[in-house]
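Participant: The following block contains a protein sequence and its predicted model.
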Amino acid sequence: MKPVILVVDDEPVARQSLSDILRLEGYGVTAVPNGQAAVEFVRTHAVDLMVVDLRMPGMDGLEVVQVVNQTSPDTEIILLTAYGSIETAIQALRLRIHDYLLKPALPPQIVASVKKGLARRDARLKGRGGPSLTASDDSVSEFHLNDGIVADLSRRLIRKGRKVTHLTPAEGRLLRVLLENPGKVFSHRDLVLFVQGYDTSPQEAPEVLRPLVSRLRHKLEEFPNLMKRISSVRGTGYVYEAEEN
């Protein structure tokens, strides 16, 4: 099934150009000329991603984002504007948009942003109730690790012999992402998305994630062989170091 993309721009030429670029990539595209039409469309149709102009008569792009975040929180949003400023960029990031592009954006830049936005949406939807970065629906729930440690993530607990530690849902999701992807470095931003289900700015993500990682590590102190494998990658994020067989 084709991803559904909504293009929102009051300029006919820009609206048509964006629509043509995305249709050539195989997406299902609908285009509307203003914010009110966009909001009405989202209320009655499933939309995977929106490309929204910032400055439009009536309801502007930021107002559209605010409404869509409430009515369709799974829709990814790219804000496109010829009038970029630090203030609007910060405001847009606080509204948890996927990307902020300046006009005139080149077609490869637009396509790359759309692909990344759809991939993030897919990862978030798959991650609910137990993040998985694979297409399989029957992901592993019990991990048998070295030193006799068992991570039973369906029950959100870690055990070794008689030692048992219980995890919160967020701690369980974080540990699952890491255990399912040994050796893969995850950025702070991606981990917030997979674990908490929402997007953040690169600056905000570490502040959101660090307390969660700290609580998880504290709970894993009784299982040092497991705890030491969750490593911080300076300036980037975290990785679960693969065990030696």
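Facilitator: Received it, and whenever you're ready, just let me know what you need. Numbers count the residues shown, from 1 in each chain.

Participant: mind listing what the nearest residue to Leu49 once chain neighbours are set aside touches?
Facilitator: In space, and not counting its chain neighbours, Leu49 is closest to Glu76: 4.4 Å by Cβ to Cβ, 6 or more residues apart in numbering. For the C-beta atoms, the positions are set from N, CA and C on the backbone; glycine is no exception. Residues in contact with Glu76 (Cβ atoms under 8 Å, 6 or more residues apart in numbering) are Asp48, Leu49, Met50, His98, Gly117, Leu118, Arg120, Arg121.

Participant: Check which element follows the lowest-mean-pLDDT helix or strand in the chain along the chain.
Facilitator: Lowest by mean pLDDT, DSSP states H and E among the helices and strands of the chain is helix 86-94, with a mean of 64. The element immediately downstream of helix 86-94 (helix or strand, assigned by DSSP states H and E) is strand 99-102.

Participant: ok, now how distant is the residue positioned nearest the centre of the chain from Gly117?
Facilitator: Nearest to the mean C-alpha position of the chain, counting by Cα atoms, centre = their mean, stands Leu193 at 3.9 Å. According to Cβ to Cβ, to the nearest Å, Leu193 stands 11 Å off from Gly117.

Participant: same check, this time on Lys219
Facilitator: In this view, Lys219 and Gly117 are 34 Å apart by Cβ to Cβ.

Participant: more crowded one of those two?
Facilitator: Taking neighbours as other Cβ atoms under 10 Å, Lys219 and Gly117 compare with Gly117 leading, 24 against 17.

Participant: can I assume that one is in contact with Asp99?
Facilitator: Yes - counting by Cβ atoms under 8 Å, Gly117 touches Asp99, with 6.5 Å between them.

Participant: Tell me the residues that contact both of those two, please.
Facilitator: In contact with both Gly117 and Asp99: Ile78, using Cβ under 8 Å, 6+ apart.

Participant: would you list every one of the strands in this protein?
Facilitator: Under the criterion DSSP state E, the chain contains strands at 4-8, 28-32, 49-53, 76-81, 99-102, 142-144, 150-152, 157-160, 163-166, 186-187, 230-233, 237-240.

Participant: Make a markdown table out of the ones you listed and add mean pLDDT.
Facilitator: As requested, the strands of the chain are exported to a markdown table (pLDDT from 0 to 100):
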| stretch | mean pLDDT |
| --- | --- |
| strand 4-8 | 95 |
| strand 28-32 | 95 |
| strand 49-53 | 94 |
| strand 76-81 | 88 |
| strand 99-102 | 84 |
| strand 142-144 | 87 |
| strand 150-152 | 91 |
| strand 157-160 | 92 |
| strand 163-166 | 92 |
| strand 186-187 | 88 |
| strand 230-233 | 92 |
| strand 237-240 | 92 |
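
Participant: Of all these, which one is nearest Asn69?
Facilitator: When the strands of the chain are compared by Cβ to Cβ, strand 76-81 sits nearest Asn69, at 8.1 Å.
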